[in-house]
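Asker: coords please:
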Amino acid sequence: MKNLFIFCVLIFGVHAKAADPVESIDPIASTPQVIVVYRNKCPENQENAIQMIKGLIAYERVSSPIAYSSVPGIWEDGSIGAIDLHQSIELMEKAFDWQQADESWTSQYKAIVSACGGNEFEPSYMVAK
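Answerer: From the prediction side, this is the model:
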């Protein structure tokens with residue numbers, strides 16, 4: 001009985017530690033990764049534009065020769081957009097070059113801009129240190 005009690009305490013302790021949300025979250029980025037934030041006002045077609053951004057991200061995942069991750073979202077002020085994570089400045093720039101050269105990517109991006117009333121996305125980036 002004593003062994004069963006010790007076993008249960010150990011299992012509960014391991015489970016409690018694994019369930020601790022602070023310990024289960026990885027850092028957003030590490031040196032020399034780059035976080036790019038794209039924001040745009042899109043008051044008329046917000047949900048439609050988010051769906052279009054999701055489609056563009058899906059296209060990037062299967063078509064881009066440079067690996068990076070992206071997630072769409074809506075900011076508290078109603079802006080929409082995405083946050084990308086690139087492995088370095090150099091790879092971010094290669095991804096930008098690919099985007100500009102890829103006809104499907106640019107066509108999808110232009111459609112999102114059009115859905116947002118012609119407003120361009122305002123990108124900014126941060127290099128993790």
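Asker: where along the chain do the strands fall?
Answerer: 34-40, 69-74, 80-86, 122-127 (DSSP state E).
Asker: who wins for proximity to Lys110 among these?
Answerer: Smallest distance to Lys110 across these (CB to CB): 12.8 Å, for strand 34-40. In short, each C-beta sits where N, CA and C put it, glycine included.
Asker: What ranges in the chain fall below the confidence cut-off?
Answerer: Across the chain, the ranges flagged by pLDDT under 70 are 1-22.
Asker: any chance you could map the helices in it?
Answerer: Applying DSSP state H to the chain gives helices spanning 2-19, 21-24, 46-63, 89-101, 103-115.
Asker: any chance of the strands of the chain in TSV, with distance to Trp105 and mean neighbour count too?
Answerer: As requested, the strands of the chain are exported to TSV (distance: least, CB to CB, whole Å; neighbours: other CB atoms under 10 Å):
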stretch	distance to Trp105	mean neighbour count
strand 34-40	13	19
strand 69-74	12	15
strand 80-86	13	21
strand 122-127	14	12
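Asker: Nearest to Cys116, out of those strands?
Answerer: Across the strands of the chain, closest to Cys116 is strand 34-40 (CB to CB), at 5.4 Å.
Asker: and the closest one, what does it pack onto?
Answerer: strand 80-86, helix 89-101, strand 122-127 (3 or more CB pairs under 8 Å, 6 or more residues apart in numbering; DSSP states H and E).
Asker: Any idea which of the strands of the chain gets closest to Val113?
Answerer: Val113 sits nearest to strand 34-40 of all the strands of the chain, at 7.7 Å, using CB to CB.
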